[in-house]
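Visitor: this one's sequence-less:
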Ligand SMILES: C[S@@+](CC[C@H](N)C(=O)[O-])C[C@H]1O[C@@H](n2cnc3c(N)ncnc32)[C@H](O)[C@@H]1O
């Protein structure tokens with residue numbers, strides 16, 4: 001068990017890159033056809049609901065704007081997008097903020113959709129997608145990016161510090177970083193909190209969430225300054241609740257379809273996670289924050 005999992009107090013199996021690739025292939029129809037079912041909304045994240053936000057599409061747009069504003073993203077910036085997914089973040093950074101972008105992902109399936117999306121959005125001259133692990137960044141040169149960006153993706157790193165060390169290496173001297181994610185906010189979990197978080201992690205094929213304090217301590221330890229953390233729990237609860245509601249019918253239906261061989265076990269596990277994420281977020285165990293910092 002890694003140092004970070006002991007610090008977080010969560011006891012799940014380590015998730016390998018093969019597990020993650022397999023998970024996103026098996027759940028492709030959930031993520032691509034159902035969650036990001038709109039050509040303007042190819043994202044797989046909760047979105048940011050504030051006063052006046054009516055649709056998930058608006059919330060998804062708001063979330064990207066929040067991240068971009070937190071690192072003052074502009075046309076002179078070169079961004080390393082570590083969000084993965086179907087390329088929505090990377091293409092948005094290029095189209096809406098004029099940035100030059102390199103997007104990393106370990107899923108060849110998602111990368112093929114991302115490259116198509118860049119063409120569709122007319123930014124394929126500004127965005128390049130690479131198959132690379134954001135905890136290794138083997139294709140990424142030292143000191144070559146202004147911004148490193150992660151949205152609901154860095155949680156997949158077994159050891160988040162490995163990602164932060166790479167981010168530090170590839171950022172220029174005045175580089176900025178933003179990582180929006182679920183974080184633990186409690187260390188000693190009750191039996192029920194442990195059950196909720198563990199079932200959620202297992203269903204979405206994650207091995208742990210970093211504790212928010214440890215994540216910020218690691219940033220400081222690596223030399224990042226002006227570390228800020230905006231708690232966005234209230235702004236994502238609408239999506240968390242909608243996903244929970246989906247699980248109430250999605251799981252029983254999935255069980256039936258699974259019996260007839262029409263839905264796979266991974267999709268069923270996804271529905272279990274969709275159920276547990278809501279009460280876990282409502283508890284004091286887990287939080288959701290936009291963390292940004294600069295070198
Ligand atoms: C929940 S999705 C986030 C999607 C994205 N934020 C969006 O808005 O569409 C998590 C993504 O992280 C990617 N991922 C997981 N582990 C990774 C790693 N070690 N290196 C690069 N990408 C990874 C997955 O393939 C997946 O695309």
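Guide: That came in fine, so what should we check first? Since we're looking at a predicted model, the values are computed, not measured.

Visitor: Against residue 263, how distant is the closest residue to residue 92 other than its chain neighbours?
Guide: What sits nearest to residue 92 in space, not counting adjacent residues and going by C-beta to C-beta, 6 or more residues apart in numbering, is residue 64, at 5.2 Å. All C-beta atoms are positioned from the backbone trio N, CA, C, and that covers glycine. Distance from residue 64 to residue 263, counting by C-beta to C-beta, to the nearest Å: 31 Å.

Visitor: how about the strands in this structure?
Guide: For the chain, the strands defined by DSSP state E occupy 78-81, 100-105, 127-131, 145-151, 171-184, 225-231, 286-294.

Visitor: Deepest in the core, which of these is it.
Guide: The highest mean neighbour count among the strands of the chain, using mean count of other C-beta atoms under 10 Å, belongs to strand 145-151: a mean of 26.

Visitor: Listing partners with orientation, what would you give for that one?
Guide: Paired strands of strand 145-151, with direction, are strand 78-81 (parallel), strand 171-184 (parallel) (DSSP bridges).

Visitor: Pipe those strands into CSV and attach mean pLDDT per row.
Guide: Output for the strands paired with strand 145-151, formatted as CSV (pLDDT from 0 to 100):
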stretch, mean pLDDT
strand 78-81, 98
strand 171-184, 97
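
Visitor: Around the ligand, pick out the residues from the stretch 101-250 of the chain.
Guide: 104-107, 110, 133-135, 151-153, 156-157 (C-beta under 6 Å from any ligand atom).

Visitor: Adding distance to residue 192, write the strands of the chain out as JSON lines.
Guide: Shown next, in JSON lines, are these (distance: least, C-beta to C-beta, whole Å):
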{"stretch": "strand 78-81", "distance to residue 192": "37"}
{"stretch": "strand 100-105", "distance to residue 192": "35"}
{"stretch": "strand 127-131", "distance to residue 192": "40"}
{"stretch": "strand 145-151", "distance to residue 192": "29"}
{"stretch": "strand 171-184", "distance to residue 192": "15"}
{"stretch": "strand 225-231", "distance to residue 192": "23"}
{"stretch": "strand 286-294", "distance to residue 192": "13"}
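
Visitor: Of those, which is nearest residue 44?
Guide: strand 145-151 (9.4 Å; C-beta to C-beta).

Visitor: okay, now residue 52: neighbour count?
Guide: Residues lying near residue 52 (other C-beta atoms under 10 Å) number 7.

Visitor: Quick check: the gap between it and residue 239.
Guide: Distance from residue 52 to residue 239, counting by C-beta to C-beta: 16 Å.

Visitor: so who does the residue nearest to residue 107 when sequence neighbours are not counted touch?
Guide: Leaving aside its sequence neighbours, residue 107 sits nearest to residue 24 (C-beta to C-beta, 6+ apart; 4.8 Å). The contact partners of residue 24, by C-beta atoms under 8 Å, 6 or more residues apart in numbering, come to 31, 107, 109-110.

Visitor: out of those, who's nearest the ligand?
Guide: Using C-beta to the nearest ligand atom, residue 107 is the member of those that lies nearest the ligand, at 4.0 Å.

Visitor: Quick check, the closest one in contact with residue 19.
Guide: No: the pair residue 107 and residue 19 fails to qualify as a contact (C-beta atoms under 8 Å) at a distance of 11.5 Å.

Visitor: So which of these two has more stuff around it?
Guide: Ranked by neighbour count (other C-beta under 10 Å), residue 107 and residue 19 place residue 107 first, with 21 against 16.

Visitor: residues in contact with that one?
Guide: 20-21, 24-25, 84.

Visitor: Give me the distance between it and residue 14.
Guide: Applying C-beta to C-beta, the value for residue 107 to residue 14 is 18 Å.
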